[in-house]
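Q: Fold the following and give me the result.
(4 chains)
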There are 4 protein chains.
Amino acid sequence: MPGNSFGRLFTITTWGESHGPALGAVIDGCPPGVPLSPEDIQRDLDRRKPGGRLTSPRREPDRVEVLSGVFEGMTTGTPICLAVFNRDARSRDYDEIARLYRPGHADRTTEQKYGIRDWRGGGRSSARETVGRVAAGAVARKVLESWGVRVRGFTLALGAVRCQTIDWEEIHRNPLYCPDAEAALAMERHLLEIKESGDSVGGIVEVRASGCPAGLGEPVFDKLDARLASAIMSIGAVKGVEIGEGVRAAELRGSENNDPVLPDGYGSNHAGGVLGGLSTGMEIVVRATVKPIPSIARPQQTVDRNGHPVTIEVRGRHDVSAIPRIVPVCEAMVLLTLVDFMLHPLPARDAQLNPR
Amino acid sequence: MPGNSFGRLFTITTWGESHGPALGAVIDGCPPGVPLSPEDIQRDLDRRKPGGRLTSPRREPDRVEVLSGVFEGMTTGTPICLAVFNRDARSRDYDEIARLYRPGHADRTTEQKYGIRDWRGGGRSSARETVGRVAAGAVARKVLESWGVRVRGFTLALGAVRCQTIDWEEIHRNPLYCPDAEAALAMERHLLEIKESGDSVGGIVEVRASGCPAGLGEPVFDKLDARLASAIMSIGAVKGVEIGEGVRAAELRGSENNDPVLPDGYGSNHAGGVLGGLSTGMEIVVRATVKPIPSIARPQQTVDRNGHPVTIEVRGRHDVSAIPRIVPVCEAMVLLTLVDFMLHPLPARDAQLNPR
Amino acid sequence: MPGNSFGRLFTITTWGESHGPALGAVIDGCPPGVPLSPEDIQRDLDRRKPGGRLTSPRREPDRVEVLSGVFEGMTTGTPICLAVFNRDARSRDYDEIARLYRPGHADRTTEQKYGIRDWRGGGRSSARETVGRVAAGAVARKVLESWGVRVRGFTLALGAVRCQTIDWEEIHRNPLYCPDAEAALAMERHLLEIKESGDSVGGIVEVRASGCPAGLGEPVFDKLDARLASAIMSIGAVKGVEIGEGVRAAELRGSENNDPVLPDGYGSNHAGGVLGGLSTGMEIVVRATVKPIPSIARPQQTVDRNGHPVTIEVRGRHDVSAIPRIVPVCEAMVLLTLVDFMLHPLPARDAQLNPR
Amino acid sequence: MPGNSFGRLFTITTWGESHGPALGAVIDGCPPGVPLSPEDIQRDLDRRKPGGRLTSPRREPDRVEVLSGVFEGMTTGTPICLAVFNRDARSRDYDEIARLYRPGHADRTTEQKYGIRDWRGGGRSSARETVGRVAAGAVARKVLESWGVRVRGFTLALGAVRCQTIDWEEIHRNPLYCPDAEAALAMERHLLEIKESGDSVGGIVEVRASGCPAGLGEPVFDKLDARLASAIMSIGAVKGVEIGEGVRAAELRGSENNDPVLPDGYGSNHAGGVLGGLSTGMEIVVRATVKPIPSIARPQQTVDRNGHPVTIEVRGRHDVSAIPRIVPVCEAMVLLTLVDFMLHPLPARDAQLNPR
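A: Alright, predicted model coming up:
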């Protein structure tokens, strides 16, 4: 079972290498009759584009083309092929990768698995692979918004700097997609310090979804939280996934962690919107821990393709942190998970509305 | 796509309710020619059985029967149906569940999704559902052990009590499956205190796998860590999943988190045995955060099936913590994930050994 | 991807060997709230039971047990495990199979694939494997009937004897499930002749489904007819599948084969109820060509497990034709295909009835 | 579960509409290290191109572009995206389709299912959709040929004209891909007659595969023949699928139909290379019955989108028969089915060659 597809009823297959002719995604199962324009997709792609002082100076125009599945501005229910053609692919910057295995990257494991590796820019294991995810996620967003479901992500922490407040409007005002203006400034300073030290840093992204009906999820193995965990952990840099209280739940008592059940909802949301693997109707809360970017300007110990020890100092135009560019990627994975479950049968609702 | 199956090439489907006639699993894709006896399975089932001062006093003999797929003591490659018939199912203890929605449980979400609910003992969302997982995991263990892969889990933390050392032998000596004798004693004391207070507590389970070849995992969505995250998060009580450094990675620098690449391995294992979604050949390290059991002896606010507010005080024979009984369940999910990937093509190896 | 599951949203997994402890099926995805009793299933199982002059004299009581998924007489949406325990399994009749490969059977190919074979009664490749299919099909029938869909099969031909008329009532009056009383008599005579000659014979089964809405099927690879073809061809003895005009279409002109489009349907049904892989709303018409049973009382050339040529004369209690016992099996496969597609999104209908 | 993917381990997803920007396929699971050039794919695409007196005069250059998954002339194991950009898409010829439902086409069923329809050239249900299949099939052919598997298709019958001999060399000498020179001439004459009468005609395609090991197929639902039936029936015009003796098996006796088992194979091949759903190692023989093309120049009864009866006379550049252009499509589907099974575990072989 090859692994480049995600979703059961809204299924995406992503394709493309960092420095190949193009990257993209095919969406199979998108409902018909949804208005969709390239701009709808471009908006999200632009949010993951590099730019500014904080992120890599590469110019990636990343213009999406819709090659199928849309007719007169509407989806038709047939596969939607989205493509972004690569233009600024200077592979010479990366020539060293051809000979060496970069620490913290998939260079050696890829070669151990496949026996061959497209080393240009990291090939398929480059973060650029997420172009297809974000493009497909933007289509999912259009569908979900037509059903009243809204998904928003933000930077919760960068290294040890953590948000203290959540102001949704603030997210769009700072380059870190951070909902706390003060924390955003501290994060910017932190990033520049780390950049100067030739190092990199991790962080935490939080994504919240509101407007979901109760009952999404397919127990016992495709529970909503299980699928979210898989979706989020499939992003290259992620090492931890939490739902609601997450790792804090280890130290809580039942009397603290249980959410009182009210006639129309719950008295709190420690559960993060999921009980028994099914959505509760409350806000769905997911967090991703992002590791520091492994490409750093400091000397590191590694081996070349012949197994000889060498010292590597990764050059090229690299970000200091996967944050904030990973925020729309995390959002995309939540969008894709939710749109899929929205298409699954919800028997109690379907029986009422739809006698077939 | 219903959700009671797990795995692509070694696929299990679990079935059964807490108080129905039986619970079990069907395994499809088990390699033929593997010696398998009911005792092999019983051993793991016994580890998740309740017993002792620390866990629920219910008597669940849980004798497994092998209904198909084994011939003259060997697997044949056909589906293996495993069944455990329920014997001690006193549903009267649970009658209150029929009328009320227990906080922290799937009672209301199940009814919202399906419009109907087998309330006896929690039905399918009971922790007893994991009988099928553990039984199937034991078969996976037999297969993996024949390939030199070993999977072991333990209690890393109970509430705020955390292990300081890992002594593999100690795990079998204390009822908490804890690798630190001193911590085990503190955990026992802690459990009894919480029991007396009518409350419950969470904790952390760690599972490690050794002996895996490099290259397991199917980028980009079925990465080894993504599948592990899904597997672990599909366990009822789990709210967080970590690989290697996990949530600690947020605060690390690249220079701290990167593992030096050596000719025959890596100089450290911050990655937890996974790079780019592929196994590195190092030990695979997964952690699950387990929430406190929601059934507590304290009064809680909830509603009945008619939506009227009521106070509930959950009676019946309940554990104080999902730990330690959840340890073999976590192990089972790692076993099932790994055996599945071991059956996937590993092109570099296959091309060498197997010219077809 | 192991092969013992069928269906995407109403998924069955069958398990069990001819002479193992039990056979059965797990159904995952059955809608909740459907009344279901063992008798509903037994009725269809009884139709595939041997009995009478025409079929094998083995006594197979085949009592189905429902091990999960039903609560107070209703399905709950959780997996339904159905089991039939084997009682009359005299494996000594089959001892010769252990040493030899029977011509026309899967004995050698099974051993070539798996390296091991449960030879008792043919193991998993016995026709007895269809017990699980028919039991699961009976559940599908209950669901489909609640939606107004009716599926009926019959014997269209036995060897060269072919029905000339279709009288639905007649099907239940003769042991051949033949809708033409005169043909039924000729078939009975034919079967007895062939039995006396120590040979076997094939035939044709037709299954028709009425009451399906237009639009079932998932182009382009999971078209309704493609899934039906797969479903029917997965039955051991089937060598040909036809939809509507089937193989006759090769010699027709477009002007003969096209069905005129009427405001409320079609002026004819050469298409057999499927256009472009989607149901038209007309009767769905599927035919299966069944090969003669390979176990015959005549001497045949084969080899033993060591590759030495031997002559085999299959003893034991064998049917002369897979017809009529295969009729409910063909029905079951059509039922399972249709119930699955009924659960798939039908966007035009869903948008109207179900604004989500 | 959307339906535009085929295969489990060598999975293709096709996309694109007849008159959209492009059509293509994404292949996920192609083994790495296989030499692949656009020419390898173009060769098969050219065989399905229209041209000559016998087929439609449309100019479709159909140049394939490889957008991902190939590095330095070799596959890398990552998804291969193949695209053919549409150039000669004169949709005005088809304007009538916008208003009317063409008999024998998917126009009305598509609209009944999706509520919307890209009517230009038939949209996704156009025969042009098979461009993606043939392109992906050509990649499968490269892989299979490296393993010694060869797949060849031919026209067995056109209307009532049927081949009497099979001369593999002859297939490439006549425009009908017919292995019998005399029959080819008769078929050409027949096609022209039918063209002049404004009608269309069906036929039969046969595909044979040699070089497959014994044991391919996954009982019981993904048997080799079941998957082949699904693959072939998923082609728009196909109404019947046969394996080996196919529909003739209905009238055969067991003593006629059984293939004697020899130490190194079988004494005949009535089974068409499949026993118990597993390949025998003999030639695999599959036949497809192709219906007459529904677009004919004669007046036919239909309705418009408002349900009003109208008479339609399909104009535009249409073939008289799907034969011979459908031959490479049938080949492609057999190629895709076989390559997929070649990647599945073959336990008996794997245990021998591959101790893991």
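
Q: burial count for A:R305?
A: 14 (other CB atoms under 10 Å in any protein chain shown). Yep, even glycine has a C-beta here, placed from its N, CA and C like the rest.

Q: How much space separates it from B:G24?
A: A:R305 sits 49 Å away from B:G24, going by CB to CB, to the nearest Å.

Q: One more: A:M1?
A: A:M1 is 24 Å from B:G24, by CB to CB.

Q: what helix or strand does the nearest residue to A:V274 once chain neighbours are set aside sit in?
A: In space, and not counting its chain neighbours, A:V274 is closest to A:D225: 4.6 Å by CB to CB, 6 or more residues apart in numbering or on different chains. Assigned by DSSP states H and E, A:D225 falls within helix A:224-233.

Q: Output the contacting helices and strands for the helix or strand hosting A:G153.
A: In this assignment (DSSP H and E), A:G153 forms part of strand A:150-158. Judged by 3 or more CB pairs under 8 Å, 6 or more residues apart in numbering or on different chains; DSSP states H and E, the packing partners of strand A:150-158 are helix A:130-146, helix A:181-196, strand A:203-210, helix A:326-343.

Q: Direction included, what does the shortest one pair up with?
A: Using DSSP bridges, the strands paired with strand A:203-210 in its sheet are strand A:150-158 (antiparallel), strand A:284-290 (antiparallel).

Q: if you compare the ones you listed, which one is most tucked away?
A: Of those, the one with the most neighbours on average (mean count of other CB atoms under 10 Å in any protein chain shown) is strand A:284-290, at a mean of 28.

Q: can you tell me the average pLDDT over whichever helix or strand comes after that one?
A: Using DSSP H and E, the helix or strand that directly follows strand A:284-290 along the chain is strand A:300-303. Confidence over strand A:300-303 (mean pLDDT, whole number) is 96.

Q: Can strand A:300-303 be said to contact chain B?
A: Yes. Residues of strand A:300-303 contacting chain B under CB under 8 Å from any CB of the partner chain: A:Q300, A:Q301, A:T302, A:V303.

Q: count of neighbours near A:V334?
A: Look at A:V334: counted by other CB under 10 Å, it has 24 neighbours.

Q: no no, A:P299
A: Around A:P299 there are 12 residues (other CB under 10 Å).

Q: mind listing what it touches?
A: A:T311, A:I312, A:E313 (CB atoms under 8 Å, 6 or more residues apart in numbering or on different chains).

Q: Tell me who's in contact with the residue in the stretch 101-250 of chain A that chain B sits nearest to.
A: Closest residue of the stretch 101-250 of chain A to chain B, CB to the nearest CB: A:A106 (2.2 Å). A:A106 sits next to A:G122, A:S125, B:P219, B:L275, B:G276, B:G277, B:L278 when contact means CB under 8 Å, 6+ apart.

Q: Could you do A:P292 as well?
A: Per CB under 8 Å, 6+ apart, neighbours of A:P292: A:D199, A:S200, A:V201, A:G202, A:S321, B:A249, B:L252, B:R253, B:G254, B:E256, B:N257.

Q: show me what contacts A:I194?
A: A:G159, A:S200, A:V201, A:V320, A:S321, B:R253.

Q: Now do the same contact list for the first one.
A: Pointing back at A:G159 there. Neighbouring residues of A:G159 by CB under 8 Å, 6+ apart: A:H190, A:I194, A:V201, A:G202, A:G203, B:A250, B:E251.

Q: which SSE is A:I97 in?
A: helix A:95-99.

Q: and that helix, what does it pack onto?
A: By 3+ CB pairs under 8 Å, 6+ apart, helix A:95-99 packs against no helix or strand.

Q: mind listing what's buried in that helix?
A: The neighbour-count check on helix A:95-99 (16 or more other CB atoms under 10 Å in any protein chain shown) flags A:E96, A:I97 as buried.

Q: Show me the contacts of A:P292 that map onto strands.
A: Here DSSP state E is the test, and the contacts of A:P292 give no hits in strands at all.

Q: how about these in TSV, adding pLDDT?
A: Shown next, in TSV, are the contacts of A:P292 (pLDDT from 0 to 100):
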residue	pLDDT
A:D199	96
A:S200	97
A:V201	98
A:G202	98
A:S321	97
B:A249	98
B:L252	98
B:R253	98
B:G254	97
B:E256	98
B:N257	98
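
Q: Going by distance to chain C, which of these wins?
A: B:A249 (34.1 Å).

Q: My guess is that closest one contacts A:I293. True?
A: No. With contact defined as CB atoms under 8 Å, B:A249 does not reach A:I293; the gap is 11.3 Å.

Q: how about the closest residue in space to A:I80 that isn't next to it in sequence, what does it touch?
A: Closest residue to A:I80 apart from its sequence neighbours, by CB to CB, 6+ apart: A:G69 at 3.4 Å. Applying CB under 8 Å, 6+ apart, we find A:G69 in contact with A:I27, A:C30, A:T75, A:T76, A:G77, A:T78, A:P79, A:I80, A:C81, D:W15, D:E17, D:G20.

Q: at 6 Å what do you get?
A: By CB atoms under 6 Å, 6 or more residues apart in numbering or on different chains, A:G69 lies in contact with A:T78, A:P79, A:I80.

Q: any idea how far it is from D:G20?
A: For A:G69 relative to D:G20 (CB to CB), the value is 8 Å.

Q: what's across from the closest residue to A:V310 other than its chain neighbours in the sheet?
A: With sequence-adjacent residues excluded and distances taken as CB to CB, 6+ apart, A:V310 is closest to A:D304, at 5.3 Å. When bridges are called by DSSP bridges, A:D304 pairs up with A:L100.

Q: How many residues are close by A:D304?
A: Close neighbours of A:D304, defined as other CB under 10 Å, add up to 16.

Q: who's in contact with it?
A: So A:D304 contacts A:R99, A:L100, A:V310 (CB under 6 Å, 6+ apart).

Q: What of A:G307?
A: B:P263.

Q: what's the helix or strand for it?
A: Counting by DSSP H and E, A:G307 is part of no helix or strand.

Q: so where's chain A shaky on pLDDT?
A: The model of chain A has pLDDT under 70 over residues A:51-60, A:88-94, A:316-317, A:352-356.

Q: Write out the residues of it neighbouring chain D.
A: Along chain A, the residues adjacent to chain D under the rule CB under 6 Å from any CB of the partner chain are A:2, A:4, A:11, A:13, A:15-17, A:20-22, A:26, A:28-29, A:32-33, A:67-68, A:71, A:76-79, A:81, A:114-116, A:118, A:124.

Q: Out of the contacts of A:G69, who's the most crowded?
A: A:T78 (33 neighbours).

Q: who's in contact with that residue?
A: Going by CB under 6 Å, 6+ apart, A:T78 touches A:G69, D:R124.

Q: Serialize the contacts of A:P292 to a markdown table and add fields for neighbour count and distance to chain C.
A: Listed next are the contacts of A:P292 as a markdown table, based on neighbours: other CB atoms under 10 Å in any protein chain shown; distance: CB to the nearest CB, whole Å:
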| residue | neighbour count | distance to chain C |
| --- | --- | --- |
| A:D199 | 19 | 44 |
| A:S200 | 31 | 40 |
| A:V201 | 31 | 41 |
| A:G202 | 30 | 37 |
| A:S321 | 28 | 38 |
| B:A249 | 27 | 34 |
| B:L252 | 20 | 39 |
| B:R253 | 18 | 43 |
| B:G254 | 27 | 39 |
| B:E256 | 17 | 41 |
| B:N257 | 26 | 36 |
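
Q: among those, which are in helices?
A: Judged by DSSP state H, the contacts of A:P292 include B:G254, B:E256, B:N257 as members of helices.

Q: Can you tell me which of these lies closest to chain A?
A: Using CB to the nearest CB, these come closest to chain A at B:G254, 3.6 Å.

Q: can I assume that closest one is in contact with A:V201?
A: No. The criterion here is CB atoms under 6 Å, and B:G254 misses it with A:V201 at 7.3 Å.

Q: Great, nothing more from me.
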